[in-house]
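need a structure here:
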Amino acid sequence: MDVLPLVALVAGSAATAGAARRTPVPAPLLLVAVGLGASYVPGVPAYTLDPHVVLPLILPPLLYTAAVDSSYLDLRANLRPVALLSVGYVLFATVAVGWLAYVFVPGLPLATALVLGAVVAPPDAVAATAVARRLGLPHRLTTILQGESLVNDATAITAFKVALAAAVGAGAGWGAGIGEFALASLGGVGVGLVLMVPLHWLRTHLREALLQNTLSLLIPFVAYALAEQVGASGVLAVVVVALYLGHRAWQVEFDTRLQEAAVWKMIAFVLESVVFALIGLQLPVVLEGLGAYGVGKAFLYAAGVFAAVVVVRFVWVFPATFLPRALFPRLKEREPDTDWKAPVIIGWAGMRGVVSLAIAFSIPLVAEDGSPFPGRNLVLFLTFTTVIGTLVVQGLTLPALIRLLRLPGRDRQAETLAEAQAQNAASTAAERRLEDLLADERNELPPPLADRLRAVMERRRNAVWERLGAVNAVTGESADATYRRLSREMIAAERAVFVELRDQRRIDDEMMRTLLRRLDQEEAVAYREEAD
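Numbering: from 1, shown residues only. Here you go, the predicted model:
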């Protein structure tokens, strides 16, 4: 097996994503554009999306890391809009887009059109999360988009299986389809509920961070595989397990959390980069299969399907936002009020991604009777153009739309104030606990060490408040930022001495690594950089 093309794909994708961080262009768009260009560069191998790789090996870790970082409490508070988008909208889009494609594309069988509808129905989990974080959308909108993207793949994959069975002549009617959907959804949730408690118990009883993080890497694949093995939704199983583990992450040792956050951040970065690059690299594959359709007509059909996908989402989002409030007045009391701007943003943020393409590539070449699957190549092409169209058109214009609507972003001042109040309450409790401990003669400390504990605690209490106060007139830094910068400078001076002593052979490499590890831990405490 030649691994060089795979290495080149990962390295090129990571380099492109890294370059995107220095430009105003979102990384997914730049990766797709580079993939499109690279697909016609001589010598670049043909990369074909294999659904047997994407769905069981790439989708579970991406879903897991997104769900772990999500808030179970926020999702529960927004369960109605999330369910209406992740289940109701996907089923509606499957039927509506499928029927419109059937009407618009001559000769496309209705069953094949419904397969296409299911394929392009789910917005992409990676794209939605990336857009929400990059643009600083209001917290509730971000929660709704993230919640939709976590569950909609399960709905779409199940709808696709039902439509595909009908298209290849293996369908057993609407009753069987509804039964399969119920088994997949309820079964996926059930598998997740069964796994989450034992997995969390195992995580908290493994005493080594290395073993705990090895388990963390296996969890999404185990949950997905077990659910799929019994005919349930692996997507839902992964999401349920991840939400529970993320909600209980505070019960795991601190070193495990630090390692886990770094490991999963790297994995998500690599996988997200690769999947968007792969989207662009599929262009030669989908063009080769067009055959008798002709490129001109195919692009005309593609424009029609893209327009249908965009319009159908708005047709669903606006009634789903306002109609329940009109029918059930209690919803107005339980949920925050909203205006027309929020559904406009939700409607325009429906970018499609790699899951749609992976599902499309899983369409079999032949039907049950041995004849070629009707319209398979056209479905691949229309899926590809829809994914590219939503990523480019909606992805590029969404920031401008948010600015045009003057949608209020996150209130950073209010968030910092809430953080400071929470830290103050925690520091007060820690201070009481410290004094209780020091009152016990078994915990007697020399006064300088006891004062050092109090100083560290006071520093932690004041650091957040200082971000709300005045800044240095010369540097523009807050007192907390200056403190962290000076701490890093001092640590850098110590680190240079350790390296010099190693080079002079006065200490060996093992001792230097031990000393540097301590400095690294101190630097992590002294300089708490906020995650991107």
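
which stretches of the protein aren't confidently modelled?
Flagging of the chain using pLDDT under 70 yields the residue ranges 1, 125-136, 169-177, 291-292, 367-369, 409-413, 463-473, 476, 526-532.

ok, now how distant is the residue lying farthest from the centre of it from residue 494?
Farthest-out residue of the chain from its mean C-alpha position, per C-alpha atoms, centre = their mean: residue 441, at 50.6 Å. Applying C-beta to C-beta, to the nearest Å, the value for residue 441 to residue 494 is 35 Å. In short, each C-beta sits where N, CA and C put it, glycine included.

do residue 24 as well
Counting by C-beta to C-beta - residue 24 and residue 494 are separated by 39 Å.

Looking at those two, which one has more neighbours?
More neighbours surround residue 494 than the other of residue 24 and residue 494, with 15 against 6 (other C-beta atoms under 10 Å).

doesn't the more buried one fall inside a helix?
Yes - judged by DSSP: H, G, I helix; E, B strand; the rest coil, residue 494 forms part of a helix.

switch to numbering from 9
Taking 9 as the first residue, the last one we looked at is residue 502.

Please name the residues that touch it.
Shown in contact with residue 502 (C-beta atoms under 8 Å, 6 or more residues apart in numbering): residue 527.

quick one, strands of the stretch 59-208 of the chain?
Assigned strands in the stretch 59-208 of the chain: none (criterion: DSSP state E, counting those that start in this stretch).

Identify each buried residue in stretch 88-95, please.
Buried residues in stretch 88-95, counted by 16 or more other C-beta atoms under 10 Å: 89, 90, 92, 93, 94, 95.

and those as a markdown table, adding distance to residue 404?
Listed next are the buried residues of stretch 88-95 as a markdown table, based on distance: C-beta to C-beta, whole Å:
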| residue | distance to residue 404 |
| --- | --- |
| 89 | 26 |
| 90 | 26 |
| 92 | 27 |
| 93 | 23 |
| 94 | 25 |
| 95 | 29 |
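
ok now the helix or strand hosting residue 13, how far from the chain's centre?
Per DSSP states H and E, residue 13 falls inside helix 12-28. Centroid separation between helix 12-28 and its chain, computed with C-alpha atoms, centre = their mean, to the nearest Å, is 19 Å.

swap in stretch 42-55?
27 Å.

quick one on the thing from earlier: can you say which two of the buried residues of stretch 88-95 are spatially most distant?
89 and 95 (11.3 Å; C-beta to C-beta).

In PDB, could you pull the C-alpha coordinates for stretch 455-466?
In PDB, the C-alpha atoms belonging to stretch 455-466 read as follows (Å, rounded to 0.1, in the frame of the first residue of the first chain):
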ATOM      1  CA  PRO A 455       4.200  31.100  57.300                       C
ATOM      2  CA  PRO A 456       5.900  32.000  54.000                       C
ATOM      3  CA  LEU A 457       4.400  28.900  52.400                       C
ATOM      4  CA  ALA A 458       0.900  29.500  53.800                       C
ATOM      5  CA  ASP A 459       1.100  33.100  52.600                       C
ATOM      6  CA  ARG A 460       2.100  31.800  49.200                       C
ATOM      7  CA  LEU A 461      -1.100  29.700  49.000                       C
ATOM      8  CA  ARG A 462      -3.100  32.700  50.000                       C
ATOM      9  CA  ALA A 463      -1.400  34.900  47.400                       C
ATOM     10  CA  VAL A 464      -2.000  32.400  44.600                       C
ATOM     11  CA  MET A 465      -5.600  32.200  45.500                       C
ATOM     12  CA  GLU A 466      -5.900  36.000  45.700                       C
END
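
What residues of that stretch count as buried?
Buried residues in stretch 455-466 (16+ other C-beta under 10 Å): 458, 465.

do the same with stretch 221-229
221, 223, 224, 227, 228, 229.

Could you measure from the most centrally placed residue in the chain over to residue 68?
By C-alpha atoms, centre = their mean, the mean C-alpha position of the chain lies nearest to residue 74, the distance being 3.8 Å. According to C-beta to C-beta, residue 74 stands 11 Å off from residue 68.

what do you get for residue 251?
14 Å.

Likewise for residue 53?
In terms of C-beta to C-beta, residue 53 sits 26 Å off from residue 68.

swap in residue 277?
16 Å.

The two - which one has more neighbours?
Comparing residue 277 with residue 68 by other C-beta under 10 Å, the one with more neighbours is residue 68, at 23 against 17.

List the contacts of the residue lying closest to that one once chain neighbours are set aside.
Distances taken as C-beta to C-beta, 6 or more residues apart in numbering put residue 228 closest to residue 68, at 3.8 Å, once the chain neighbours are dropped. By C-beta under 8 Å, 6+ apart, the contact set of residue 228 is 68, 69, 71, 72, 246, 249, 250.

For residue 228, what is the enclosing helix or strand?
helix 217-237.

That helix: how far from the chain's middle?
17 Å.

now do stretch 430-442
Worked out by C-alpha atoms, centre = their mean, stretch 430-442 lies 34 Å from the chain centre.

what ranges do the helices span in the stretch 159-308 of the chain?
181-213, 217-237, 242-255, 262-289, 291-296, 303-335 (DSSP state H, counting those that start in this stretch).

Dump those into JSON lines; add distance to residue 39 as well.
Below are the helices of the stretch 159-308 of the chain laid out as JSON lines (distance: least, C-beta to C-beta, whole Å):
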{"stretch": "helix 181-213", "distance to residue 39": "30"}
{"stretch": "helix 217-237", "distance to residue 39": "23"}
{"stretch": "helix 242-255", "distance to residue 39": "23"}
{"stretch": "helix 262-289", "distance to residue 39": "4"}
{"stretch": "helix 291-296", "distance to residue 39": "14"}
{"stretch": "helix 303-335", "distance to residue 39": "20"}
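
Minimum distance to residue 440: which of those helices has it?
That would be helix 262-289 among these, by C-beta to C-beta, at 21.7 Å.

Check which helices and strands that closest one sits against.
helix 12-28, helix 35-46, helix 67-76, helix 133-143, helix 217-237, helix 362-369, helix 384-397 (3 or more C-beta pairs under 8 Å, 6 or more residues apart in numbering; DSSP states H and E).

which of those helices is buried the deepest?
helix 362-369 (a mean of 26; mean count of other C-beta atoms under 10 Å).

contact partners of that one?
For helix 362-369, using C-beta under 8 Å, 6+ apart, the contacting residues are 56-59, 62-63, 66-67, 126-128, 130, 132-134, 161, 164-165, 168, 283-284, 286-287, 290, 387-388, 391-392, 394-395.

returning to what we had before: surely the residue nearest to the centre of the chain is in contact with residue 158?
Yes - checked against C-beta atoms under 8 Å, the pair residue 74 and residue 158 is within contact range at 6.3 Å.

Could you measure from the closest residue to residue 254 other than its chain neighbours over to residue 32?
Using C-beta to C-beta, 6+ apart and skipping the chain neighbours, the partner closest in space to residue 254 is residue 76 (3.9 Å). Separation of residue 76 from residue 32 (C-beta to C-beta): 29 Å.

I figured residue 322 was touching residue 353, is that so?
No - look at residue 322 against residue 353 with C-beta under 8 Å: they stay out of range, at 11.2 Å.

And those two? Which one has more around it.
Higher neighbour count among residue 322 and residue 353: residue 353, with 22 against 15, using other C-beta under 10 Å.

Contact partners for that one?
145, 149, 406, 409, 410, 413, 415 are the contacts of residue 353 under C-beta under 8 Å, 6+ apart.

Adding distance to residue 266, write the residues you listed out as TSV.
Listed next are these as TSV, based on distance: C-beta to C-beta, whole Å:
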residue	distance to residue 266
145	28
149	30
406	34
409	38
410	34
413	39
415	35
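
Any of those buried? List them.
Judged by 16+ other C-beta under 10 Å, buried ones among the contacts of residue 353: 145, 149, 406, 409, 410, 415.

how about the nearest residue to the fourth one, chain neighbours excluded?
Think residue 409. The nearest residue in space to residue 409 (C-beta to C-beta, 6+ apart) is residue 356, at 5.8 Å.
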